[in-house]
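A.B. asks: fold the following, please.
(chains A and B)
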Amino acid sequence: MTAPSSFSALQPVVVGAGPAGVRAAQALVAHGLRPVVIDEASRAGGQIYRRPPSSLAERSANVLYGFEARRADAVHTAFDALRERIDYRADSLVWNAQGGRLDVLHGPTRSTSSVPYGQLIVATGATDRVLPVPGWTLPGVYTLGGAQVALKFQGCAIGQRVVFMGTGPLLYLVAYQYAKAGAKVAAVLDTSRLADQLAATPAMLRQPAVFAKGVYYVAWLRAHGVALHGGVRPLRVLGDATENRVAGVAWHDGQEERTLACDAVGFGYALRSETQLADLLGCRFEFAPLHRAHLPVRDAAGRSSVRGVYLAGDGAGIMGADAAEWAGERAALALLADGGAAIDAARAAMLERKLHKLGAFRQGLERAFPVPHDWAAHAPDELVVCRCENITAGTLRQTVAENGADEMNRLKALSRVGMGRCQGRMCGVAAAEILAHATGQPVQQVGRLRGQAPIKPIPIHLANTAPSTEGAGA
Amino acid sequence: MSGRKTLRTDVAIVGGGIVGASAALALRRMGIGVVLLERDLCGSRSSGVNYGGVRRQGRPVSQLPLAQRAHRIWGNLRETIGTDGEYLRSGHFKIARSEADMASLERYRAQSRDFDLGLELISDARLRERCPWLGTRAVGGSLCAEDGQANPRLVSPAFALAAQRAGAQIFERHKVDEVAHDGQAFILRSGNALEVHAPALLNCAGAWAGPIATEFGEEVPLQSGHPAMAVTEPLPFFMNWSLGVEGGGIYCRQVARGNLVLGGGGKGIALDADRARSDRDAIASLSVQAIELLPALRHAHFIRTWSGTEGYLPDRQPVLGPSRTTPGLFHGFGFSGAGFQIGPAAGEVLAELVRDGRSSTPIDAFSIERFFPEETTTSPP
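C.D. replies: Presented below is the predicted three-dimensional model:
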């Protein structure tokens, strides 16, 4: 098939090469286009199907991805088949968007470019949702995603005797992967309760295969003697004063305080969307109760509120890797149709049905692994919320009490929370919870941090982006 | 309309930036009743997102009486607003990049001699000795040791909080939709929430002040401008002075925790009537000039850029003083990107105008009359 002549003269651009970006690019190529694919990683696959550096001896997909091996293989194979038919920019950070162009920083060559687009698919993925606990800045504490990256990308464990803490499906998956890889998993501490999971079972059975995997991980961990505790409230990560690293964890089990020795902690509360690029592109945001977050609005096909900008995958709402594949393809079909191409309408409708069906399952997941809504109430004043700027929960509460801050950007201006290198990507969720609790507002009322370029820090001497407009013209 | 609150007071102020908030504070200290309406949050617009330069040096001589008055307020900042807002008299150094620039700085020193700015010209070996971190493009400069810097994010909201503590009624997120005069008093309406009646009105609405002036027959060529601002990650502290460049361009300061705040270098872009962001080309220009002035920045990172919306008048002077058409109306807007330092003094001047009908600080250069040279002042309605 070839692209119709009415199509934009510019190549479409896909940002992100995880499951959503790869399937989007594949659909565009199938319709005769040659998209630019910009990937912050050095190899396609995203976080979920992250591939080790090609310099490492290849480990099998089975070892790396377990049950996800088949899907990971499929995404990698699909991408490898596309490789010659797309303009792939690896190690490339989109740090700004303005006036129909993306500013891109290319890591290894220390160079920049400015990539124009007519149509753009944003598939920027997600990072861990972090609700910190005292001691979380000690060496040896990782997010669940970070712990998983260490295993998949670097081929190493974060410690010899690891505690996994928090909630969400990733909690059990990572624990399972670590135990399979030979690490000693000292315990899995889940803030949600067995009752949450039982109540959510009917909804979770909408995706029986996924549900079964979850059940399997739990059963496997139990069978291999890993202690699983539900309904916990993490109290702190204990530090070894002499070595200044993790020595254990303390939690409350509903009755009493308990402690356990370990040398590393992986923690997190599922994922949060990376939305800064959508923000810089001017997409309209709304609060999404299911995700407990302000997210860029998209229609069922993935169209954002901005003409020519499409949203796919976890970057616009956490729906998981399978959904990301469907959403990526669906967004590409929307892009094609909007450009006047003939698309397979039945296929598009089928993808939308699958995505819709998954919505009910996601509701179940949120019910099974709820974010601990009382986290802010228990966060002690001395807890560091923003580690770039060393801002504590107490400082945030004081800012509310003394200066009347009741909105995220005001809180940022007055307290410096979210003003450091991470620009709120790490601390924003926790700061919003503290602010909501301190002001007695629901979390949607406190708003969200405005996105500002650069999306991630850029060297000053590379901020002078010469308009070397590579990628122009299809 | 039912549910609408009606307030009667002595002075209504539109705009909770540093000018409106300091006017509210000054009025309260005189015992005068104040209601202030702010469309967003006090100090969240240009007063709160500017570069944070607190400088007299380089201002037109006509602004120096006001700047000197402000200098005294800044010197008592903590007593005045209850916080130091990271204000430091760290010195402001205006860099010359040529002999012509040096000559221009010398001329400025001569022109401003009556104002006791204490300007010190530095060049050649002394320059390298005093500031080894300066790039080779700089040939010299002029130091005003008593000028400095502050954190606008903290200072501007603190003026509003201080005014509130002093008894001003401050309504944030109250956009003024209607303003009129009924022959007795000004009437301001904010949606269905609030109606304010007051015999005096201060127009301190910054870039949004134009419609209010126009409402009273004083249309002025006010335009919005958007500075480009950027900040680096924290770096080892090396530079006390706040830097400017003769002839304009970049400005730069290092805060106590090490970040460098940079501004200028071009323009931001407006996203809508209320919001703006740094423009790509402006960031590029900033980066080139920053490295030229401070080579050590070459390997630093920008972590954030931002902009804001400021009101500019063609002659880069504010409108500060009484309305030419309407008794009881006083304007304080259009500070053209240079209002942060003089803002607190402008607020005091407005309060004096309300109470006394005149200001102890010369403000003739800022009269709105300058935009109506052909007409004679009409008599009040």
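A.B. asks: pretty sure A:V14 sits against A:A24.
C.D. replies: Yes - at 5.1 Å, A:V14 and A:A24 qualify as touching, with contact defined as C-beta atoms under 8 Å. No exception for glycine: its C-beta is placed from N, CA and C like everyone else's.
A.B. asks: show me which residues of the stretch 151-300 of chain B are close to chain A?
C.D. replies: Residues of the stretch 151-300 of chain B lying close to chain A (C-beta under 8 Å from any C-beta of the partner chain) are B:153-154, B:157, B:161, B:230, B:232-233, B:269, B:271, B:277-280, B:283-288, B:290-291, B:297-300.
A.B. asks: mind checking which of those land in strands?
C.D. replies: B:A230, B:T232, B:I269, B:R277, B:S278 (DSSP state E).
A.B. asks: could you work out the most separated pair of those?
C.D. replies: Based on C-beta to C-beta, the longest span within these runs between B:T232 and B:I269 and measures 21.7 Å.
A.B. asks: those two: which has the busier surroundings?
C.D. replies: Per other C-beta atoms under 10 Å in any protein chain shown, whichever of B:T232 and B:I269 has more neighbours is B:T232, with 21 against 17.
A.B. asks: what's across from the more buried one in the sheet?
C.D. replies: B:F302 (DSSP bridges).
A.B. asks: can you give me every residue that contacts it?
C.D. replies: By C-beta atoms under 8 Å, 6 or more residues apart in numbering or on different chains, the residues touching B:T232 are A:I460, B:N259, B:L260, B:L262, B:L297, B:A300, B:H301, B:F302, B:I303.
A.B. asks: same thing but 10 Å
C.D. replies: If you count contacts by C-beta atoms under 10 Å, 6 or more residues apart in numbering or on different chains, B:T232 has them with A:457, A:460, B:252, B:254, B:258-262, B:290, B:297, B:300-304.
A.B. asks: show me what the worst-scoring helix or strand of chain B on mean pLDDT is packed up against.
C.D. replies: Sorting the helices and strands of chain B by mean pLDDT, DSSP states H and E puts strand B:268-270 at the bottom, at a mean of 83. In this structure, strand B:268-270 packs against strand B:223-225, strand B:276-278, helix B:280-293, with contacts taken as 3 or more C-beta pairs under 10 Å, 6 or more residues apart in numbering or on different chains; DSSP states H and E.
A.B. asks: again, 6 Å this time
C.D. replies: Applying 3 or more C-beta pairs under 6 Å, 6 or more residues apart in numbering or on different chains; DSSP states H and E, we find strand B:268-270 packed against strand B:276-278.
A.B. asks: who does the strand it packs on pair up with?
C.D. replies: Strand pairing for strand B:276-278, using DSSP bridges, gives strand B:268-270 (antiparallel).
A.B. asks: residues in contact with the partner strand?
C.D. replies: B:H226, B:A228, B:A276, B:R277, B:S278, B:D279, B:S307 (C-beta atoms under 6 Å, 6 or more residues apart in numbering or on different chains).
A.B. asks: let's have those residues in JSON lines, adding neighbour count and pLDDT.
C.D. replies: Compiled in JSON lines, those are given as follows (neighbours: other C-beta atoms under 10 Å in any protein chain shown; pLDDT from 0 to 100):
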{"residue": "B:H226", "neighbour count": "26", "pLDDT": "92"}
{"residue": "B:A228", "neighbour count": "27", "pLDDT": "92"}
{"residue": "B:A276", "neighbour count": "25", "pLDDT": "87"}
{"residue": "B:R277", "neighbour count": "25", "pLDDT": "88"}
{"residue": "B:S278", "neighbour count": "29", "pLDDT": "88"}
{"residue": "B:D279", "neighbour count": "21", "pLDDT": "89"}
{"residue": "B:S307", "neighbour count": "27", "pLDDT": "93"}
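A.B. asks: following the helix or strand of chain A with the lowest mean pLDDT, which helix or strand comes up?
C.D. replies: Least confident helix or strand, chain A: helix A:61-65 with a mean of 70, by mean pLDDT, DSSP H and E. Counting by DSSP states H and E, the element after helix A:61-65 in chain order, helix or strand, is helix A:69-82.
A.B. asks: which residues of the stretch 351-474 of chain A fall in helices?
C.D. replies: Using DSSP state H, counting those that start in this stretch, the helices found in the stretch 351-474 of chain A span residues A:375-378, A:393-403, A:408-415, A:428-439, A:460-463.
A.B. asks: dump those helices to CSV, plus mean neighbour count, distance to chain B and mean pLDDT.
C.D. replies: Listed next are the helices of the stretch 351-474 of chain A as CSV, based on neighbours: other C-beta atoms under 10 Å in any protein chain shown; distance: least, C-beta to the nearest C-beta, whole Å; pLDDT from 0 to 100:
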stretch, mean neighbour count, distance to chain B, mean pLDDT
helix A:375-378, 17, 22, 97
helix A:393-403, 19, 7, 96
helix A:408-415, 24, 4, 97
helix A:428-439, 24, 14, 98
helix A:460-463, 22, 4, 90
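A.B. asks: doesn't B:R355 lie inside a helix?
C.D. replies: Yes - looking at B:R355 with DSSP: H, G, I helix; E, B strand; the rest coil, it is inside a helix.
A.B. asks: look up the closest residue to it, ignoring the ones flanking it.
C.D. replies: B:M30 (5.6 Å; C-beta to C-beta, 6 or more residues apart in numbering or on different chains).
A.B. asks: just B:R358 next, same as before
C.D. replies: B:R358's closest residue in space is B:E352 (C-beta to C-beta, 6+ apart), at 7.0 Å.
A.B. asks: what of B:Q164?
C.D. replies: B:I170 (4.9 Å).
A.B. asks: again, but for A:W375
C.D. replies: Per C-beta to C-beta, 6+ apart, closest to A:W375 is A:L131, 4.9 Å.
A.B. asks: which residues touch that neighbour?
C.D. replies: A:Y269, A:W375, A:A430.
A.B. asks: quickly find the element holding it.
C.D. replies: Judged by DSSP H and E, A:L131 forms part of no helix or strand.
A.B. asks: now whichever residue of the stretch 51-200 of chain A sits closest to chain B, nearest residue through space, not along the chain?
C.D. replies: For the stretch 51-200 of chain A, the residue closest to chain B is A:Q98, as judged by C-beta to the nearest C-beta, at 5.0 Å. Nearest non-adjacent residue to A:Q98, counting by C-beta to C-beta, 6+ apart: B:R280, 5.0 Å away.
A.B. asks: next, count neighbours for that neighbour.
C.D. replies: B:R280 has 23 neighbouring residues, counting by other C-beta under 10 Å.
A.B. asks: please tell me how far it sits from B:L294.
C.D. replies: For B:R280, the distance to B:L294 equals 22 Å [C-beta to C-beta, to the nearest Å].
A.B. asks: tell me the domain ranges of the chain?
C.D. replies: If you meant another chain, say so; for now it's chain A. A:12-125+A:274-341, A:128-270, A:375-439 (the TED database).
A.B. asks: looking at chain B here, not the other one
C.D. replies: Here the domain assignment for chain B is B:5-48+B:153-222+B:314-371, B:92-145+B:227-307, based on the TED database.
A.B. asks: could you list the low-confidence segments of the stretch 251-381 of chain B?
C.D. replies: B:265-266, B:375-381 (pLDDT under 70).
A.B. asks: which residues are in contact with whichever residue of the stretch 151-300 of chain A sits closest to chain B?
C.D. replies: Residue of the stretch 151-300 of chain A nearest chain B, by C-beta to the nearest C-beta: A:G282 (7.1 Å). Shown in contact with A:G282 (C-beta under 6 Å, 6+ apart): A:V306.
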